[in-house]
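Visitor: Next one to model:
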Amino acid sequence: YRAYDTQPSTAISQFRVNFSCGPEKGADIALHFNPRFDSGDKIVLNSFQQGKWAKEEHKHDMPFHKGQHFEMVFNITPEGYRITVNGAPCYEFRHRIPPERVQVVDVDGDLELQSGCITRSPGCL
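Guide: Coordinates of the predicted model:
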């Protein structure tokens with residue numbers, strides 16, 4: 001998944017990108033990617049399965065800045081998700097839920113999403 005020309009609001013507290021296994025509320029989430037600016041500038045990565053959140057992974061290297069445009073790319077590999085911001089590798093998250101189950105990419109929060117796309121690369125799912 002690629003989010004182009006995206007800009008966090010200057011009053012941002014957080015945003016999220018969920019790779020969900022269905023559109024319904026309570027569906028499993030294979031990847032919850034959640035930059036948080038309101039609690040010590042950190043990125044939270046997690047999954048949600050059978051109504052429960054798993055153990056959070058915290059990253060404190062924040063590549064996002066209030067009011068600055070960015071491009072974010074989620075590459076799905078056999079091992080997990082590789083996330084790049086502005087072309088620089090930033091995070092990896094191992095699969096906890098098979099990526100074949102993902103049906104919806106949901107982006108929400110304090111950002112202005114200019115555009116996004118889902119592409120299939122050779123060797124991708």
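Visitor: show me where pLDDT drops low in this protein?
Guide: Per-residue confidence for the chain (pLDDT under 70) gives these ranges: 1-9, 119-125.
Visitor: at 50 what do you get?
Guide: 123-125 (pLDDT under 50).
Visitor: I figured Ala11 was touching Asp110, is that so?
Guide: Yes - with contact defined as C-beta atoms under 8 Å, Ala11 and Asp110 form a contacting pair (6.9 Å). To be clear about C-beta, it is placed using only N, CA and C from the backbone, and glycine gets the same treatment.
Visitor: Which one of the two is surrounded by more residues?
Guide: Neighbour count, other C-beta atoms under 10 Å: between Ala11 and Asp110, Asp110 has more, with 17 against 9.
Visitor: what's the spacing between the more buried one and Gln49?
Guide: Between Asp110 and Gln49 the distance is 27 Å, computed by C-beta to C-beta, to the nearest Å.
Visitor: do the same with Ala27
Guide: Noted for Ala27: a distance of 10 Å to Gln49, by C-beta to C-beta.
Visitor: So for those two, which residue has more residues nearby?
Guide: Taking neighbours as other C-beta under 10 Å, Ala27 and Gln49 compare with Ala27 leading, 18 against 14.
Visitor: Spit out the contact partners of the more buried one.
Guide: Residues counted as contacts of Ala27 (C-beta atoms under 8 Å, 6 or more residues apart in numbering) are 20-21, 104.
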